[in-house]
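Trainee: missing the sequence, but the structure's below:
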């Protein structure tokens, strides 16, 4: 009975460790998502500064057509970068949702297994008490 109980405890411990690993993975993905969003904001600020400098240069040199072309190219690059960033963010969000789903399933499975283990433990304790009572009864009869 003790070895069965120890085996059940080990299973519960293993499942808890798996759950903690899943939670760490979720936290890591959330951190990566936040860092990517911060980089995106910095890139947008840099593009705005670049556009402002281009506008000043255009007025000063009178080469407006050339500068407009550069602005268009910068906007195109920004749009491409934004698209790639958005794809990356969507991908990270999808992975986060998958991980959260796995985590929820793991938590549910762990809870069920824990309930089963607790039920088995209660049954084992009940049997042990019955066996102890029978042993005492037999010992009492032997003494008599």
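Mentor: Structure's in. What do you need? Every value quoted in this text rests on a predicted model; they were computed, and no experiment measured them.
Trainee: any weak-confidence spans in this structure?
Mentor: Applying pLDDT under 70 to the chain flags the ranges 61-67.
Trainee: All the helices of this structure, residue numbers only.
Mentor: Along the chain, counting by DSSP state H, helices occupy 2-61, 64-143.
Trainee: Any idea which residue is closest to the centre of the protein?
Mentor: Central residue of the chain (C-alpha atoms, centre = their mean): residue 26, 1.4 Å from the mean position.
Trainee: From residue 34, how far off is that one?
Mentor: Using C-beta to C-beta, to the nearest Å, residue 26 is found at 13 Å from residue 34. The way it works is simple: take the backbone N, C-alpha and C, and place the C-beta from them, glycine included.
Trainee: likewise residue 144?
Mentor: 76 Å.
Trainee: same question, residue 76
Mentor: Distance, residue 76 to residue 34, by C-beta to C-beta: 27 Å.
Trainee: Same question for residue 90.
Mentor: According to C-beta to C-beta, residue 90 stands 15 Å off from residue 34.
Trainee: related to what we said a few turns ago, of residue 144 and residue 34, who's got more company?
Mentor: residue 34 (11 against 5; other C-beta atoms under 10 Å).
Trainee: returning to that earlier point: list the contacts for the residue nearest to the residue nearest to the centre of the chain when sequence neighbours are not counted?
Mentor: Excluding the flanking residues, the one nearest residue 26 by C-beta to C-beta, 6 or more residues apart in numbering is residue 99, at 5.1 Å. Residue 99 sits next to 22, 25-26, 29 when contact means C-beta atoms under 8 Å, 6 or more residues apart in numbering.
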